[in-house]
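Colleague: prediction below, plus the sequence it came from.
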Amino acid sequence: MITRFAPSPTGHLHIGGARTALFNWLLARGQGGQFVLRVEDTDSLRSKEEHTQAILEALTWLGLDWDGEPVIQSQRVDLHRQYIDQLLKNGQAYWCHCRPEDIEEKRQQALQTGGKPRYDGHCRELGLGPAPGAVIRFKSPPPRSVGWKDLIKGSIVVDSDELDDLVLLKSDGFPTYNLAVVVDDLTMGVTHIIRGDDHVNNTPRQILLYQAFGATPPQFAHAPMILGSDKTRLSKRHGATSVMAYRELGYLPRALNNYLARLGWSHGDQEIFSLEEMAKLFSLKHVGRAASVFNPEKLNWLNAHYLKQTPLEELGALTLPYLTAKNITPPSSEVLAKIMATVRERGKTLVELAEKAEFYFLDPPPLDPIAAQKLLTPEGKATLTELAEELTKAFPGDHQAFDQIIQALATRKMVKMGVVAQPLRLALTGKTASPGLYDIVEILGPEKTIQRIKAALAYDGQPQD
RNA sequence: GUCCCCAUCGUCUAGCCUGGUCCAGGACACCGGACUUUCACUUCGGCAACAGGGGUUCAAAUCCCCUUGGGGACGCCA
């Protein structure tokens, strides 16, 4: 078995492409087959080397490794030409001198009169030869029905007279998509093609080409599209669509892979899969036929799940770049790991983790003005003063000791614990919501803890800094 | 317009092929309760769907047909 992913380097790797790659990868890896890459860069205008690099980088980040070197389609035009020449020789293709503008005009006319907009075969029997601006077209065989057994959608049949004489060689000397895919898949020995739904209409044309070459077509599997929340094709206006954007937003490749796989594929009620497990379990039989809506909330849930599963040291390393972006340098990976333990259940992405961890590094942290107004009253400050004294006297060595200090103070003042805890939380973090107080105190240590309390006591209601 | 594809909770889906075990199961989200010095986590519970209409059958979410709705394609883009 050989599967392939064949992106065109005209942009970044997007979510839909990533899932197509993932499905091909899963099928090959699960069956002990090969997964190869082919860069379809025959659009000389739009293809860019930088896009190729970005796509490879995205695939690597996702952990979808490929076999051998990527095949560059533009380097195989000689091969494509050979196959086209063969058709030309057999009378299965012909030169066409029609001007693009004329064809476009006919197309518009057909569309307006309610017909199918397609090439009228003007040059078909003219026996023309090469000329500047000329193209080579496929001479579609006599009407017949073309069908295949799609591994996802079941059997699909199309009447071949729905298909017109498609261009095989463009006037710039490059082969067209349909010709190049067929020649390449054929010569690369691809056995299974998983691609997006939007290629269903190309499949009968390609089957006709396989037949013209006297070859057996590979197996086709068309995966349904991924839609945005409004059920239209996923695009930028629905939010992030590029794989690399998700990396920047702090998503883990594991989470994205897991989410993308479950979008369309299922294995009973199971939701959580490692890449290895998915490969073992993956089957096209359990890929759905209907389009699915991309749901960021569920991705968040999966990402949060994997965040919680990640060892603290590793989580710290993963979060570090996001802290660096905030000009924060943690003293050590040990300290960072301790911090991670306190914030990892409070964020859904690495970006959020970095945000939640930020206060540890700000001395003192800026106080939320609304909370300060409410909590740093004379009574609040009195409480903080007493707390500072207690903590200076005997800095708690464990959670229990710390709790006793808070509890004792609350009892003495005859207030709820929150009345004591909240001003302290504000002083230490600048906010009213934070990790557990003892965890913070422990990480901050006596000096910074006292310092921050004193800074809060100095609060006078004026904007800080 | 023409052709192709699709249709179970708001969303992802199980079940459909091989009708009965489904007054339809799981997950996300949402809403309540518990836990709690905050926020979260966790946990318990709840809300919520077989698009509509015809058949076939003792029996249909499951098979067939139609309607409606949605998506895709119709390039010298891929």
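Modeller: Structure's in. What do you need?

Colleague: residues from the stretch 201-350 of chain A in reach of RNA strand B?
Modeller: Counting by CB under 7 Å from any atom of the strand, the positions of the stretch 201-350 of chain A adjacent to RNA strand B are A:201-202, A:224-225, A:227, A:231-233, A:262-264, A:266, A:268-269, A:271, A:286, A:288-293, A:295, A:297-298, A:300-301, A:304, A:308, A:345-346. C-beta here means a position set from N, CA and C on the backbone, and glycine is covered the same way.

Colleague: all helices of the stretch 351-465 of chain A, in order?
Modeller: Secondary structure of the stretch 351-465 of chain A, counting by DSSP state H, counting those that start in this stretch: helices at A:369-375, A:378-393, A:399-413, A:417-429, A:437-457.

Colleague: show me the shaky parts of the stretch 101-250 of chain A.
Modeller: Applying pLDDT under 70 to the stretch 101-250 of chain A flags no residue at all.

Colleague: now do the nearest residue to A:N90 once chain neighbours are set aside against A:D165, distance only.
Modeller: Counting by CB to CB, 6 or more residues apart in numbering, A:A212 is the residue found nearest to A:N90 once chain neighbours are left out, at 7.8 Å. Computed as CB to CB, to the nearest Å, the A:A212 to A:D165 distance reads 12 Å.

Colleague: need the overlap of contacts for those two.
Modeller: A:F138 (CB atoms under 8 Å, 6 or more residues apart in numbering).

Colleague: got the phi and psi for the residue lying closest to A:H305 once chain neighbours are set aside?
Modeller: Excluding the flanking residues, the one nearest A:H305 by CB to CB, 6+ apart is A:I272, at 6.8 Å. Main-chain torsions, A:I272, degrees, to the nearest 10: phi -100, psi 120.

Colleague: secondary structure element for A:N24?
Modeller: Assigned by DSSP states H and E, A:N24 belongs to helix A:15-31.

Colleague: flag every buried residue along that helix.
Modeller: For helix A:15-31, the buried set under the neighbour-count rule, 16 or more other CB atoms under 10 Å, comprises A:15-30.

Colleague: state the mean pLDDT of stretch A:426-433.
Modeller: For stretch A:426-433, mean pLDDT is 96.

Colleague: so is that stretch next to RNA strand B?
Modeller: Yes: on the criterion CB under 7 Å from any atom of the strand, stretch A:426-433 is in touch with RNA strand B at A:T432, A:A433.

Colleague: stretch A:163-178 now?
Modeller: Yes: using CB under 7 Å from any atom of the strand, stretch A:163-178 comes into contact with RNA strand B via A:L166, A:V167, A:K170, A:S171, A:D172, A:F174, A:T176, A:Y177, A:N178.

Colleague: any idea how far the spatially closest residue to A:L323 that is not a sequence neighbour is from A:T232?
Modeller: Nearest residue to A:L323, sequence neighbours excluded (CB to CB, 6+ apart): A:A354, at 5.1 Å. From A:A354 across to A:T232, the span is 34 Å (CB to CB).
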